[in-house]
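Q: Need a 3D model of the following:
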Amino acid sequence: MPGLYSIPLAGLKEARYTYEFRIGYDFFEAFEGSEIKRGEFTAVVV
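A: Residues are numbered from 1 along each chain as shown. This is a model prediction of the structure:
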């Protein structure tokens, strides 16, 4: 299921890839009942 924070693994050739995700308020708002209410960070996946 494609989404804002997904990596399309199927079809990737053997190589080094870098994905950068900016995570902010909308991300934390999606988790009802979470103790974390807001934040902002960048996740880099290599």
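
Q: Give the rounded mean pLDDT of stretch 32-41.
A: For stretch 32-41, the mean per-residue pLDDT is 91.

Q: Do me a favour and get the end-to-end distance for it?
A: 19 Å (C-alpha to C-alpha, to the nearest Å).

Q: got a list of contacts for that stretch?
A: 22, 23, 24, 25, 28 (C-beta atoms under 8 Å, 6 or more residues apart in numbering). For the C-beta atoms, the positions are set from N, CA and C on the backbone; glycine is no exception.

Q: any idea how far the spatially closest residue to the third one that is not a sequence neighbour is from residue 26?
A: Once its chain neighbours are removed from consideration, residue 24 has its nearest residue in residue 40; the separation is 4.8 Å (C-beta to C-beta, 6 or more residues apart in numbering). Distance of residue 40 to residue 26, computed by C-beta to C-beta, to the nearest Å: 11 Å.

Q: Residue 36 now?
A: 13 Å.

Q: Repeat that for residue 33.
A: Relative to residue 26, and taking C-beta to C-beta, residue 33 is found at 17 Å.
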